[in-house]
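>>> Model the following, please.
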Amino acid sequence: MLGETNLSQLIKGMTPKLNQGEYVFCTIKDLNTIDRNSTLCEFKEAENTTIVIEKSKADALQLKYDYIASWITLTIHSSLEAVGLTAMFSSELAKHNISCNVIAAYYHDHIFVDKKDATKAIRVLTNLSKRSN
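This next block holds a predicted model:
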């Protein structure tokens, strides 16, 4: 099934959902040192591999991190070819001084915001969606 590409439909229907838990970004040299079923996602960079993992699991593995995030999922099935969605919601979050780290997966866009900004980010995203109706 192809995802939505129409920007106005994406904004109207994005329906942000705050996922439970606290998440951290860690960097590791050797993926064999962790159970990859424990990670939410990973990205191989030139320097090391970055993983996103629940804070409690990172703590148990004694992994270092600097940033504790909340995870928001935009529940609309957005196409990887959609143009403008990330720009729209990241600009709106920036207007409210909320940083965001975005991961586009096959079905949904996922936004990681500072834990302290989670409730505010949900409100900002919900208001953006309502204004589009």
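>>> rest of the way, CA atoms for contacts and neighbours
OK.
>>> Tell me the predicted confidence for the closest residue in space to residue 90 that isn't next to it in sequence.
Counting by C-alpha to C-alpha, 6 or more residues apart in numbering, residue 90 lies nearest to residue 100, which is 6.7 Å off, once chain neighbours are set aside. Looking at residue 100, its pLDDT is 97.
>>> Surely residue 100 touches residue 117?
No. Judged on C-alpha atoms under 8 Å, residue 100 makes no contact with residue 117 at a distance of 9.9 Å.
>>> lowest confidence element among the helices and strands of this structure?
Lowest by mean pLDDT, DSSP states H and E among the helices and strands of the chain is helix 7-12, with a mean of 92.
>>> Share the number of residues neighbouring the residue nearest to residue 90, please.
Neighbourhood size, residue 100 [other C-alpha atoms under 10 Å]: 22.
>>> Run through the residues that contact the spatially most central residue of the chain.
Nearest to the geometric centre of the chain sits residue 111, at 2.3 Å (C-alpha atoms, centre = their mean). By C-alpha atoms under 8 Å, 6 or more residues apart in numbering, the residues touching residue 111 are 71, 72, 73, 74, 100, 101, 102, 103.
>>> now with 10 Å?
Shown in contact with residue 111 (C-alpha atoms under 10 Å, 6 or more residues apart in numbering): 16-18, 69-74, 86, 89-90, 99-104, 121.
>>> Residue 57 too?
By C-alpha under 10 Å, 6+ apart, residue 57 lies in contact with 23, 24, 38, 39, 63.
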